[in-house]
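Novice: Provided below for reference: sequence and predicted model.
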Amino acid sequence: MITNSGTKENNTKKDLFSLVGQIIISGKIETITGLHIGGTESSLSIGGVDLLVIRNATDGKPYIPGSSLKGKMRSILEKIYTPGGGELKKVGNSKIFKCDPEKYNTPEKRDGIIFHLFGITPEDLEKKEDIRVMPTRLIVRDAKLSKESSKSLEESNYVDLPYTQAKTEVVIDRITSSATPRTVERVPAGVFFDYEFVLNIYDPPDLEDNWIQKFVDTLKEGMELLEHDYLGGMGSRGYGQIQFNSIKVDITSYVCEKKKIEENILSFINWANEKTQKNNSQ
């Protein structure tokens, strides 16, 4: 919302907002096909593996970084909602969509919601006096290998490395037809990771202007789009198909009625329950 901030008092007032509640969405991510999310390149490959997966430094178990989950969902949503009027800016070696102040102030349009939900680079809006810059709403935790999958992989006779498999591929020279082999480490299909999303609710305007419903609708769409796309690398070659299972929605209320939050996200709760029942019946 654009505010008229002609005085110091108004400038102060427009920056006031309260954390009134949180929505915690948790469950399991199932790997439908092998998953490769690359770790730090090392000059000493393990067991002849050329491309390693990222692992937890304390126990050596693979995990899914929250940045990978959040970044992939955002990039897919932006392909749909932002390119029509999006302006690119360079950040490091990458290009991202720049936050348009007009879109930031119009969350009824999906591209505006994306910036509020997933965040912005501060310099985009910090000098705009007529805009209330809000905190990023969505927190995405690192997804840890589940205890059940961890035990199953430890006991498996079909893993090549601890918790993972080594898949050998070849690059074919188009002129000589000679093959250059390489080995890719990946988490096998049928493995489960525990994920958690935290959606912070600030008011005003999330409840007052009904933004929270738009946030959960956008998150739902991002989760569905990710299931039809891929996570990690080499997705066009079959890697990275995942599925969200056992979706659980918990609401924590601080300074407003829990029922008020629940009423605003009822469609998301129903979708989560229906999806969980469908997956469990398969």
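Specialist: Received it, and whenever you're ready, just let me know what you need. Here the structure is a predicted model, which is why all the values come from computation and not from measurement. Numbering: from 1, shown residues only.
Novice: for the host helix or strand of residue 73, packing partners?
Specialist: Assigned by DSSP states H and E, residue 73 belongs to helix 66-81. Counting contacts by 3 or more Cβ pairs under 8 Å, 6 or more residues apart in numbering; DSSP states H and E, helix 66-81 packs against helix 110-118, strand 138-140, helix 211-227. Any C-beta I mention is one placed from the backbone N, CA and C, and that applies to glycine too.
Novice: can you redo the ones you listed as a markdown table with mean neighbour count, distance to residue 87 and mean pLDDT?
Specialist: Converted to a markdown table, the helices and strands packed on helix 66-81 look like this (neighbours: other Cβ atoms under 10 Å; distance: least, Cβ to Cβ, whole Å; pLDDT from 0 to 100):
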| stretch | mean neighbour count | distance to residue 87 | mean pLDDT |
| --- | --- | --- | --- |
| helix 110-118 | 23 | 12 | 82 |
| strand 138-140 | 19 | 23 | 97 |
| helix 211-227 | 20 | 21 | 94 |
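Novice: quick one: distance of stretch 196-210 to the chain centre.
Specialist: 18 Å (Cα atoms, centre = their mean, to the nearest Å).
Novice: and that stretch, how far apart are its ends?
Specialist: Using Cα to Cα, to the nearest Å, the span of stretch 196-210 from its first residue to its last is 23 Å.
Novice: buried ones in it?
Specialist: Neighbour counts using 16 or more other Cβ atoms under 10 Å place 196, 197, 198, 199, 200, 201, 202, 203, 204, 205, 206, 207 of stretch 196-210 among the buried residues.
Novice: ok, then the element right after whichever strand or helix holds residue 30?
Specialist: Using DSSP H and E, residue 30 sits in strand 18-31. Downstream of strand 18-31, the next assigned helix or strand under DSSP H and E is strand 63-64.
Novice: packing partners of that next one?
Specialist: By 3+ Cβ pairs under 8 Å, 6+ apart, strand 63-64 packs against strand 143-145, strand 192-203.
Novice: looking at the helices and strands packed on helix 66-81, which is closest to residue 279?
Specialist: Checking the helices and strands packed on helix 66-81 against residue 279 by Cβ to Cβ gives helix 211-227 as the closest, at 10.8 Å.
Novice: please state the offset of that closest one from the chain centre?
Specialist: 11 Å.
Novice: distance to residue 188 added to the helices and strands packed on helix 66-81, as CSV?
Specialist: Output for the helices and strands packed on helix 66-81, formatted as CSV (distance: least, Cβ to Cβ, whole Å):
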stretch, distance to residue 188
helix 110-118, 30
strand 138-140, 23
helix 211-227, 18
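Novice: tell me how many other residues crowd the closest residue to residue 231 other than its chain neighbours.
Specialist: Spatial nearest neighbour of residue 231, excluding adjacent residues (Cβ to Cβ, 6 or more residues apart in numbering): residue 240 at 4.6 Å. The burial count assigned to residue 240 is 25, neighbours taken as other Cβ atoms under 10 Å.
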